[in-house]
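In: Predicted model, plus sequence, below.
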Amino acid sequence: MTETRVGRLWRYPVKSMQGEEVEEIVLGPAGVIADRAYGFFDTETGRLVSAKHPKRFGELLGCTARFLTDPAPGEAIPPIEVTFPDGSVVRDDDTELARRVSALLGRDVRLITTVDEGLAFDELDPGIDGVMPDEFAAALSSNADEHLLQIPVGMAAPGTMLDLAALHILASSTLNRLAGEYPGGDWDPRRMRPNMIIDAGPETPDEEDEWFGCDLHLGDEAVIHVVGPTPRCVMTTVAQPGLPRDAGVLKAIAGIGSRRIGTLGQFACAGSYAEVVTPGVVRRGAAVTIERVEPRDGALAATISMMSAAMAAED
């Protein structure tokens, strides 16, 4: 059997922009150091800008961001360079970057690096059977006519601009299964925006589900705990550099990746959310050791329980 190893690695300096593929990442207690360190605040709606509302903000996916120096624990967030769809570059100039992004989106936005309490982002409910339970959508949305869900940012990763949890991993075997389900799709992992691809080999196509509740030792330092599946959204279907718009991607995920998350219902899932047990450097090619452990009561599990209780109270 092929040895399980860390495959490709990404960090995303700016929320909803293309990230940078790197040879190593540094895991801190809250996930990849400086992941989604920058974001944009929409002054009209008071929301965090996210391409999960593709009609309004999808063009951000055409931009690519990179750090000018590597982030490090305990140090200030490094400056960034952003390449726009027309090839122009803004380098280490926050004012000009906010002006250019405002022009790109046709909306007034400002660059932020901190999250105020109560900040949320809008997510489009794609309306595909099995993707989002109707009752969950109704509970979260105050704008049902536009099929928008209003999601608090960083629910299981407080103080960050992450969507929900600290870390997103994806098995190469999951991509292989999806390619078998929908051969006409382009299963470039950038559609899923993971922090980490784990190569488990083609011999174990269902390996990722077996990681739930396990600790993964990533080389000699870092350890993460795999909490549960990652629900997918319409953002997986949006066009980005080298990838066309493709609604079939999300339908294929719903077809083979329907998973129950607590009492919240069934979701179309691909990939896994994880939390950091032991911080450290993770390098591409590092060996992965999988260890079954007792359930850990981390932030994500607590968030799912809280949301389940809130929905039960609505009934």
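Out: Sure, I can see it.

In: What are the boundaries of the strands in the stretch 101-250 of the chain?
Out: Secondary structure of the stretch 101-250 of the chain, counting by DSSP state E, counting those that start in this stretch: strands at 109-112, 120-124, 148-152, 167-171, 196-199, 214-218, 222-231.

In: Show me what the longest one is packed against.
Out: Right, the one you point to is strand 222-231. Packing contacts for strand 222-231, counted by 3 or more CB pairs under 8 Å, 6 or more residues apart in numbering; DSSP states H and E, involve strand 167-171, strand 214-218, strand 266-278, strand 280-283, helix 299-314. (C-beta placed from N, C-alpha, C; glycine too.)

In: Mind putting the ones you listed into a markdown table with distance to Arg107 and mean neighbour count?
Out: As requested, these are arranged in a markdown table below (distance: least, CB to CB, whole Å; neighbours: other CB atoms under 10 Å):
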| stretch | distance to Arg107 | mean neighbour count |
| --- | --- | --- |
| strand 167-171 | 27 | 24 |
| strand 214-218 | 39 | 20 |
| strand 266-278 | 29 | 23 |
| strand 280-283 | 36 | 18 |
| helix 299-314 | 30 | 15 |
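
In: Rebuild these as JSON lines, extending it with mean pLDDT and distance to Arg259.
Out: Below are the helices and strands packed on strand 222-231 laid out as JSON lines (pLDDT from 0 to 100; distance: least, CB to CB, whole Å):
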{"stretch": "strand 167-171", "mean pLDDT": "96", "distance to Arg259": "14"}
{"stretch": "strand 214-218", "mean pLDDT": "96", "distance to Arg259": "16"}
{"stretch": "strand 266-278", "mean pLDDT": "93", "distance to Arg259": "4"}
{"stretch": "strand 280-283", "mean pLDDT": "98", "distance to Arg259": "25"}
{"stretch": "helix 299-314", "mean pLDDT": "64", "distance to Arg259": "12"}
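
In: do you know which of the ones you listed lies nearest Gly28?
Out: Proximity of the helices and strands packed on strand 222-231 to Gly28 was assessed by CB to CB; the nearest stretch is strand 266-278, lying at 6.9 Å.
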